[in-house]
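> Fold the following and give me the result.
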Amino acid sequence: MTIQSIRRRLLASLITTIIFLWLITALFVYQVASHEVEEIYDATLAQESRILATLMIHEIEEDEEVKETLQKLVAEAGEDVATRSSKFMEILHEFQSHESESEKDYLTLVPRDLVEGHRYESKIAFLIKGVNGKTYLRSNLPASFNDFKIGYNNFVVEDKAWRMFGLKESSGQFNVLVGELLSVREEIESEIVFNSLWPIIIALPLLGFIIWMMVGNGLKPLSTIADKVENRDPNSLDPISTEDVPSEVVPMVESLNHLFLKVHSALENERRFTADAAHELRTPLAALKTLAQAKSLSTEQAHKGFLDQVIRGVDRATHLLEQLLTLARMDSQSFDESHTHQVDLQQEAINVIAAIAGLALEKDIEISYDGPNDMVVVPGFSPAIQILLRNIIDNAIRYTPNNGEVTVKLVEQDSGARLEVHDTGPGIPESQQQGLYQRFRRGEDTKIQGSGLGLAIVKRIIDLHHATIEMENRENHGGLTVSVNFPGALTH
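Residues are numbered from 1 along each chain as shown. Just a heads-up that it's a prediction; the model follows:
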């Protein structure tokens with residue numbers, strides 16, 4: 001059997017939730033960061049293109065000014081004078097040399113080994129090219145690349161992906177193309193992901209340890225309760241105090257206390273049953289022993305009388321045992337909706353009357369039923385209701401003198417059903433009625449044989465069915481009326 005650990009389940013749930021939320025957050029941050037990196041780098045490409053275009057325009061304008069100045073000097077001084085002037089010839093030679101160099105494919109940048117730069121330099125390139133095909137300036141962009149498109153575009157050159165921005169100069173003299181390897185952006189995005197990952201990876205064991213300790217500290221009340229239960233006296237069924245118990249644990253403690261109460265009640269019932277049985281059986285057994293001893297000393301003529309007394313003693317002991325066992329069963333019962341079903345009181349009353357009619361005939365007592373012929377249904381436990389009816393009707397027959405009457409009456413009510421048992425016996429003084437529901441309590445002046453358990457059994461069954469019982473002496477007709485009110489009756 002797998003042992004379920006609350007601490008491990010909480011730890012696994014919390015760690016899983018934290019990792020999941022962190023991954024969602026990291027993914028969101030990565031997407032946002034990637035978008036921002038794209039935006040910033042694209043903006044940088046555009047800005048660099050405009051700066052290069054501005055510088056190129058300035059350079060062209062300077063060349064034009066120098067050329068115009070020289071042409072003006074030549075025009076003013078004349079060709080012979082200008083030729084004879086060594087200084088003028090030096091300036092003219094310089095300009096012509098510059099013009100000649102400009103005819104080359106492109107100018108050479110300062111090599112990286114001469115000036116320390118950044119490692120990303122080789123991943124950034126630009127190209128300035130005239131509309132006539134002349135290349136003004138070119139960096140480390142692969143020589144095989146000569147394509148040009150205005151705006152942002154992606155190109156693959158020599159198996160490398162480039163992000164390009166093309167700008168056409170407003171006067172139409174040249175175009176500027178600035179680009180960078182996409183690996184630059186991918187590297188930065190990877191750095192963002194890595195820098196987001198490694199802290200949580202490093203902190204995860206520490207976080208797990210902290211959560212483990214915190215969960216253990218939160219579960220200490222359970223350990224405290226377990227220690228209280230383990231260290232308590234085995235015979236103690238006192239409830240566990242809910243003081244200083246967390247609200248989440250209170251329902252469990254209350255359920256445990258309820259269980260203790262049930263066990264205590266069951267043990268008390270067992271002890272009471274044992275004590276009652278021992279007490280009540282002592283008298284009839286002692287009487288049987290006395291009769292047996294007397295029989296051994298008696299004459300043959302007295303044997304028959306002794307045997308009759310033994311039979312009556314055995315009958316009393318048998319009746320007592322039946323009542324004790326019934327009471328024990330009732331004490332151990334606790335009904336709920338799963339145990340109950342619809343019980344027809346009308347049919348149950350008729351069945352009990354038929355079963356017990358023999359006792360009434362022995363005393364020439366007229367026993368009758370007065371009530372509806374239709375079903376009168378109440379929620380309950382049929383065997384228990386049969387025992388209740390039998391005990392009430394049996395008492396009525398026992399205490400009714402010969403040639404008397406016993407009537408079982410069933411009355412429908414708005415809130416349920418009322419079962420009445422009328423007899424023509426001596427009745428019971430009101431001062432004694434409540435005490436008769438206690439075990440082994442009988443009327444003070446009664447001479448009828450019995451165990452004193454019948455009404456105790458009846459009271460237990462009534463409590464289990466949430467019913468009520470009443471006793472009332474009949475002033476006009478004499479005798480006693482016992483009424484039982486059942487809730488929730490339905491007539492069919």
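
> State the helix or strand in which L410 lies.
strand 405-413 (DSSP states H and E).

> Sort out which residues of that strand are buried, please.
Buried residues in strand 405-413, counted by 16 or more other CB atoms under 10 Å: E405, V406, T407, V408, K409, L410, V411, E412. The way it works is simple: take the backbone N, C-alpha and C, and place the C-beta from them, glycine included.

> Most widely separated two among these?
Set against one another by CB to CB, the buried residues of strand 405-413 have their most distant pair in E405 and E412, with a gap of 23.1 Å.

> Measure how the following helix or strand past the strand holding L410 sits relative to strand 405-413, angle-wise.
The C-terminal neighbour of strand 405-413 among helices and strands, as given by DSSP H and E, is strand 416-423. On the basis of axes from the mean of the first three to the mean of the last three CA atoms, to 10 degrees, strand 416-423 is oriented at 170 degrees to strand 405-413.

> Surely D233 forms part of a helix?
No: secondary structure assignment places D233 outside any helix; it is coil (DSSP: H, G, I helix; E, B strand; the rest coil).

> Got phi/psi on the residue lying closest to D344 once chain neighbours are set aside?
Nearest residue to D344, sequence neighbours excluded (CB to CB, 6 or more residues apart in numbering): M375, at 4.7 Å. With angles defined as degrees, to the nearest 10, M375 shows backbone torsions of phi -70, psi 140.

> wait, M375 sits on I350?
No: the pair formed by M375 and I350 falls short of the contact definition of CB atoms under 8 Å, at 11.3 Å.

> Dump the helix or strand where Q347 lies to CSV, restricted to CA.
Assessed by DSSP H and E, Q347 sits inside helix 345-362. Taking only C-alpha atoms (Å, rounded to 0.1, in the frame of the first residue of the first chain), the coordinates of helix 345-362 have been written out as CSV:
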residue,chain,number,x,y,z
LEU,A,345,-48.1,1.5,10.1
GLN,A,346,-51.5,0.2,9.3
GLN,A,347,-50.2,-3.1,8.1
GLU,A,348,-47.6,-3.4,10.9
ALA,A,349,-50.3,-2.8,13.6
ILE,A,350,-52.6,-5.5,12.1
ASN,A,351,-49.7,-8.0,11.9
VAL,A,352,-48.7,-7.4,15.5
ILE,A,353,-52.3,-7.7,16.7
ALA,A,354,-52.7,-11.0,14.8
ALA,A,355,-49.4,-12.3,16.3
ILE,A,356,-50.2,-11.4,19.9
ALA,A,357,-53.9,-12.3,19.8
GLY,A,358,-53.3,-15.6,21.6
LEU,A,359,-52.3,-13.8,24.8
ALA,A,360,-55.5,-11.8,24.7
LEU,A,361,-57.6,-15.0,24.2
GLU,A,362,-56.0,-16.6,27.3
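
> Could you list the low-confidence segments of the stretch 101-250 of the chain?
Residues of the stretch 101-250 of the chain that meet the criterion pLDDT under 70 lie in 101-122, 142-146.

> And the helices in it, which stretches?
182-218, 220-231, 250-297 (DSSP state H, counting those that start in this stretch).

> which other residues reach the second one?
Contacts of helix 220-231 from elsewhere in the structure, counted by CB atoms under 8 Å, 6 or more residues apart in numbering, are I6, I240, D244, V245, P246, V249, M252, V253, L256.

> Could you check how far the first one is from D244?
It stands for I6. Here I6 is placed at a distance of 20 Å from D244 (CB to CB, to the nearest Å).

> of these two, who's got more company?
Relative neighbour count places I6 above the other of I6 and D244, with 12 against 7, counting by other CB atoms under 10 Å.

> Contact partners for that one?
Contacts of I6 by CB under 8 Å, 6+ apart are V215, L219, L222.

> Roughly how far does the last one sit from I128?
As judged by CB to CB, L222 and I128 stand 77 Å apart.

> Same question for W22.
Shown here: W22 relative to I128, a distance of 47 Å by CB to CB.

> the more surrounded of the two?
Counting neighbours by other CB under 10 Å for W22 and for I128 shows that I128 has the greater number, 25 against 15.

> who touches that one in this structure?
Residues near I128 by CB under 8 Å, 6+ apart: L52, A53, M56, T135, Y136, L137, R138, F174, N175, V176, L177.

> The last one - how many residues pack around it?
This points to L177. The number of residues packed around L177, counting by other CB under 10 Å, is 27.

> got it, and the second one?
A53: 20 surrounding residues under other CB under 10 Å.

> ok, now the fourth one?
The local packing count at T135 equals 15, with neighbours defined by other CB under 10 Å.

> now do the first one
Residues contacting L52 under the criterion other CB under 10 Å number 21.

> can you give me the angle the longest helix along the chain makes with helix 182-218?
Ranked by residue count under DSSP state H, the longest helix found in the chain is helix 6-77. Counting by the same axes, to 10 degrees, helix 6-77 lies at 160 degrees to helix 182-218.

> Residues touching stretch 467-477, excluding its own?
Contacts of stretch 467-477 with the rest of the structure, by CB under 8 Å, 6+ apart, involve 422, 424, 427-428, 430, 433, 458-459, 462, 479-487.

> in it, what counts as buried?
Neighbour counts using 16+ other CB under 10 Å place A467, I469, M471 of stretch 467-477 among the buried residues.

> Quick one: work out the angle between the helix or strand where the second one lies and strand 416-423.
If I follow you right, that is I469. Assigned by DSSP H and E, I469 falls within strand 468-473. Relative orientation of strand 468-473 with respect to strand 416-423: 30 degrees, computed using the same axes, to 10 degrees.

> on that earlier part again, please export the C-alpha coordinates of the strand holding L410 as CSV.
The C-alpha trace of strand 405-413 is given here as CSV (Å, rounded to 0.1, in the frame of the first residue of the first chain):
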residue,chain,number,x,y,z
GLU,A,405,-60.7,-4.6,26.1
VAL,A,406,-57.6,-3.4,24.2
THR,A,407,-58.0,-1.1,21.2
VAL,A,408,-55.2,-0.2,18.7
LYS,A,409,-56.1,3.1,17.0
LEU,A,410,-54.3,4.7,14.1
VAL,A,411,-55.0,8.4,13.4
GLU,A,412,-53.7,10.5,10.5
GLN,A,413,-52.3,14.0,11.3
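
> For it, which strands pair with it and how are they oriented?
Sheet neighbours of strand 405-413, with direction, are listed as strand 366-370 (parallel), strand 416-423 (antiparallel) (DSSP bridges).
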